[in-house]
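Asks: please find the sequence and the predicted model below.
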2 protein chains.
Amino acid sequence: MTRVRDLSEEQILERIFPLLPRGSATLLGPGDDAAVLAAPDGRFVVSTDVLVEDRHFRARWSTGYDVGRRAAAQNLADIAAMGARPTALVTSLVVPGETDVEWVTGLAKGLADGCAPVGAGAVGGDLSSGPCLVVSVTVHGDLEGRDAVLRSGARPGDVVAHAGVRGWSAAGLALLEAGLVRAPLSPVPVEVSEGVHLEDAWEQLVSAHLRPEPPLAAGVAAAEAGATAMLDLSDGLLRDAGRLAAASGVRLDLDPGAFAADRDVLRSAARAVAAAQGLGDPGWGPGRSDVDGMLDGWIWGGGEDHSLLATFPSDVELPKGWTAVGRVLEAAVDGGAPSGATAAEGAAPAEGAAAAEGGVLADGGVLADGGAPSGGAASAVSAAPAVTIGGEAPAVGQGWDHFRS
Amino acid sequence: MTRVRDLSEEQILERIFPLLPRGSATLLGPGDDAAVLAAPDGRFVVSTDVLVEDRHFRARWSTGYDVGRRAAAQNLADIAAMGARPTALVTSLVVPGETDVEWVTGLAKGLADGCAPVGAGAVGGDLSSGPCLVVSVTVHGDLEGRDAVLRSGARPGDVVAHAGVRGWSAAGLALLEAGLVRAPLSPVPVEVSEGVHLEDAWEQLVSAHLRPEPPLAAGVAAAEAGATAMLDLSDGLLRDAGRLAAASGVRLDLDPGAFAADRDVLRSAARAVAAAQGLGDPGWGPGRSDVDGMLDGWIWGGGEDHSLLATFPSDVELPKGWTAVGRVLEAAVDGGAPSGATAAEGAAPAEGAAAAEGGVLADGGVLADGGAPSGGAASAVSAAPAVTIGGEAPAVGQGWDHFRS
């Protein structure tokens, strides 16, 4: 094994650079003080997310390749959630000197594979030693002449729709924690048929956790179809839906029937995890089993799926990859939706206006994105909930506790 | 003292957001999945640098404010070195839970003050807990219709010119290490006259280390005046000049007389540091004192000045802030200048061309920038030197050893 500290910075970079994709928007790649990227639209979108060892990934489960895949995926999903096409990313990497160089080259391969579906480039970065692994990615995208799709545009009467997996990442994490699937997974995904990368259904769930594959094309498709609001689901469906509802000043009512198929997909994993934890299937509680509670937790509360939630006018035919999961209602009368809902709209407020955007800012957004999956409670869902399920306020038994798991 | 772990992420963000400048290019600031920035030129430049506690700064000397100032400065300098105007930055911050919240708000103030001279915005970021302080900044700039000024455009006959301080950061670090100036400095700079922020000359040197003030306007001015090549000096004058020479396939001959005034500015600090180290002024060595050796080390080898080095056609009148310090010569015959010198030129090579850019890439550039100041040796200066001083190869006694100090 060659360790990072055994090589010079130049030697490490010589191994990394050939692995990085250039991307079609790259006018000047790595090697100068800065890269130069095309922005034919005259605007660009930018977002940043950081992954910290033992906070966002565990080195015993995640290879460098996995962390690269995840870092790319969750950043690219933020661009897709604006309705933009990802163009390029830059990466800051902090590594302890004893790290295997293969971890670092694996990271580069993971970034490259994560970028491949959208043709994004990896155009620069920075490298430093440090006491633990930290991967900070900043990603850019092109709006291609479209308006950015904000969180704040949902209107009563709109359809709520979802693209991507639901609860898979949380289920995969639970399988890992229960010791039911061994990680790290094989160095590169085994594609057994188009879009199916692993033979075993449980391993697919674990892969969704370690190497999420956000529905990036669905973001652009939603924007083109006229989506009124959109966001990336990183902290759980209910919590992030609450942010969209709050930013738009509306209430979202989700249809539990729309998630029945997800329960079927996840049920064998939930049964196995429950058995490993010594829980029974017909379990405690009024008419609900432990397995049902676990499924609720994964689907409604599970983080890091990096799927997309959007709202569309009711007369729009949903584009490919999108499923209707609810509808947008007027905000509850007693103040469930915070004020400031429209502050993020419109272009270029006057200097200093940022401070006035508290209503939206306080809900997280760019700075809150990608925080630890075990982050705080879903504050957006207050006594008068901004998100309901079949018209009812989400109950603790429906997974609320799992937000803190 | 309120610690980071005593507050929710939302509470921390509520304290940070009002401190961040919006910037004139910001179409959508923090609060959504991504920010939206104007790129009226149809292109933008991007660079990223990471600062790690105990690698790039020491918490006992640097306040959060200082680290914010430095993070902004060294990133903005990379944009200026392309001849671009900085527009906006995003920041990923990793903080231990026991960190004083004032360190974090100080960082935001430092970023804001660092951005103020060029009106850049701070438009987003990410926040995570972690075992040590890590600040990763990605910065963007607008070329305003100009060509990017690369490292590779210097031509024999050009004038070599410099803007900014020379050796101040290394001198300031030496003063801190010798215990001759107490840090942290006062919370905000004390401006005693325009551009002079501290009364004491030694404290100015320490401030140049803790809170560098790159000559950002000089970057755009150089591009407008027709600079043929330019780069940010982060790893020492000789080492970075060697990178420019290598990328351009030329030799740079620096005029030692052009740096005489710098020696005078730094001499009192060098004498004091030498005395503190038990060295004499008329010292060992053939005709050179320890103080002279220290001055050589600071001026030729000292890192982190974040000044700018550029080359101009000889008939150009140097713009404000620039001083002629040498001339560009043909590369030495026996291979002092590596191949690949022009690989970074031109727009959008075909997909996969990145791997072919090794000549330039291996010299560092975007990925190498901002590494630890104590990084490896100046490999670009080989037996047939790409940089000479008054026609002579740099000698060890002229500061070479200090590269590793």
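Replies: Yes, it's here. As the structure is a prediction and not an experimental result, all values here were calculated from the model. Numbers count the residues shown, from 1 in each chain, chains lettered A, B, ... in the order given.
Asks: drop to CA atoms for contacts and neighbour counts, all remaining ones
Replies: Noted.
Asks: now do the SS call for A:Arg155.
Replies: Classification of A:Arg155 using DSSP: H, G, I helix; E, B strand; the rest coil returns coil.
Asks: I'd like to know how far it sits from A:Gly236.
Replies: Separation of A:Arg155 from A:Gly236 (Cα to Cα, to the nearest Å): 22 Å.
Asks: which one's more surrounded, those two?
Replies: A:Gly236 (28 against 23; other Cα atoms under 10 Å in any protein chain shown).
Asks: which one is A:Arg166 nearest to, not counting chain neighbours?
Replies: A:Ile299 (5.5 Å; Cα to Cα, 6 or more residues apart in numbering or on different chains).
Asks: surely the one you found touches A:Val165?
Replies: No - with contact defined as Cα atoms under 8 Å, A:Ile299 and A:Val165 do not form a contacting pair (9.3 Å).
Asks: out of the two, which sits in the busier spot?
Replies: Using other Cα under 10 Å, the more surrounded residue of A:Ile299 and A:Val165 is A:Ile299, with 26 against 19.
Asks: list the contacts of that one.
Replies: By Cα atoms under 8 Å, 6 or more residues apart in numbering or on different chains, the contact list for A:Ile299 reads A:Arg166, A:Gly167, A:Trp168, A:Gly236, A:Leu237, A:Phe259, A:Asp262, A:Arg263.
Asks: go on, A:Asp255?
Replies: Counting by Cα under 8 Å, 6+ apart, A:Asp255 makes contact with A:Val325, A:Gly326, A:Ile389, A:Gly390.
Asks: ok, the residues you listed vs B:Leu7, which is closest?
Replies: B:Leu7 has its nearest neighbour among the contacts of A:Asp255 in A:Ile389, at 30.3 Å by Cα to Cα.
Asks: what number of residues lie near the closest one?
Replies: By the criterion of other Cα under 10 Å, A:Ile389 has 18 neighbours.
Asks: how about A:Glu177?
Replies: A:Glu177, neighbours per other Cα under 10 Å, totals 13.
Asks: still on that earlier bit, which two among the contacts of A:Ile299 are spaced furthest apart?
Replies: Going by Cα to Cα, the pair spanning the contacts of A:Ile299 furthest: A:Gly236 and A:Arg263, at 15.7 Å.
Asks: which among the contacts of A:Ile299 end up buried?
Replies: Among these, those buried by neighbour count (16 or more other Cα atoms under 10 Å in any protein chain shown) are A:Arg166, A:Gly167, A:Trp168, A:Gly236, A:Leu237, A:Asp262, A:Arg263.
Asks: roughly how far apart are the residue nearest to A:Arg166 and A:Ala77?
Replies: Taken as Cα to Cα, the span from A:Ile299 to A:Ala77 is 19 Å.
Asks: and what of A:Ala201?
Replies: A:Ala201 is 24 Å from A:Ala77, where distance means Cα to Cα.
Asks: please enumerate the strands of chain A.
Replies: A:26-28, A:35-38, A:43-52, A:85-95, A:121-129, A:134-142, A:159-163, A:229-233, A:250-254, A:307-312, A:323-330, A:387-389 (DSSP state E).
Asks: that older thread, which of A:Ala201 and A:Ala77 has more residues huddled nearby?
Replies: Higher neighbour count among A:Ala201 and A:Ala77: A:Ala77, with 32 against 15, using other Cα under 10 Å.
Asks: so what's the more buried one scoring on pLDDT?
Replies: The score at A:Ala77 is 98. That number is its pLDDT.
Asks: and it, what does it touch?
Replies: Contacts of A:Ala77 (Cα under 8 Å, 6+ apart): A:Pro214, A:Pro215, A:Leu216, A:Asp232, A:His306, A:Ser307, A:Leu308.
Asks: mind running it again at 7 Å?
Replies: Residues in contact with A:Ala77 (Cα atoms under 7 Å, 6 or more residues apart in numbering or on different chains) are A:Pro214, A:Leu216, A:Asp232, A:His306.
Asks: next: A:Thr2.
Replies: Residues in contact with A:Thr2 (Cα under 7 Å, 6+ apart) are A:Asp100, A:Val101.
Asks: torsion angles phi and psi at it?
Replies: For A:Thr2, the backbone dihedrals are phi -100, psi 130 (criterion: degrees, to the nearest 10).
Asks: how near is it to chain B?
Replies: 18 Å (Cα to the nearest Cα, to the nearest Å).
Asks: confidence score at that residue?
Replies: For A:Thr2, pLDDT reads 95.
Asks: per-domain residue ranges of chain A.
Replies: Domain assignment for chain A by automatic domain parsing gives A:4-142, A:159-404.
Asks: out of those domains, which one sits most buried?
Replies: Greatest average neighbour count among the domains of chain A goes to domain A:4-142 (a mean of 24), per mean count of other Cα atoms under 10 Å in any protein chain shown.
Asks: okay, the domains of chain A in JSON lines with distance to B:Ala108 next?
Replies: Converted to JSON lines, the domains of chain A look like this (distance: least, Cα to Cα, whole Å):
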{"stretch": "domain A:4-142", "distance to B:Ala108": "16"}
{"stretch": "domain A:159-404", "distance to B:Ala108": "13"}
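Asks: weakest of the ones you listed in terms of mean pLDDT?
Replies: For the domains of chain A, mean pLDDT drops lowest on domain A:159-404, to a mean of 75.
Asks: next up, the contacts around the closest residue to A:Val46 other than its chain neighbours.
Replies: Distances taken as Cα to Cα, 6+ apart place A:His140 nearest to A:Val46, at 4.5 Å, with adjacent residues excluded. Listed by Cα under 7 Å, 6+ apart, the contact partners of A:His140 are A:Phe44, A:Val45, A:Val46, A:Ser47, A:Ile79, A:Pro86, A:Thr87, A:Ala88, A:Leu89.
Asks: what do you get for A:Phe312?
Replies: Taking Cα under 7 Å, 6+ apart, we find A:Phe312 in contact with A:Asp158, A:Val159, A:Val160, A:Gly226, A:Ala227, A:Thr228.
Asks: A:Val165 versus the residue nearest to it when sequence neighbours are not counted, what's the distance?
Replies: Distances taken as Cα to Cα, 6+ apart place A:Ala227 nearest to A:Phe312, at 4.5 Å, with adjacent residues excluded. Separation of A:Ala227 from A:Val165 (Cα to Cα) stands at 19 Å.
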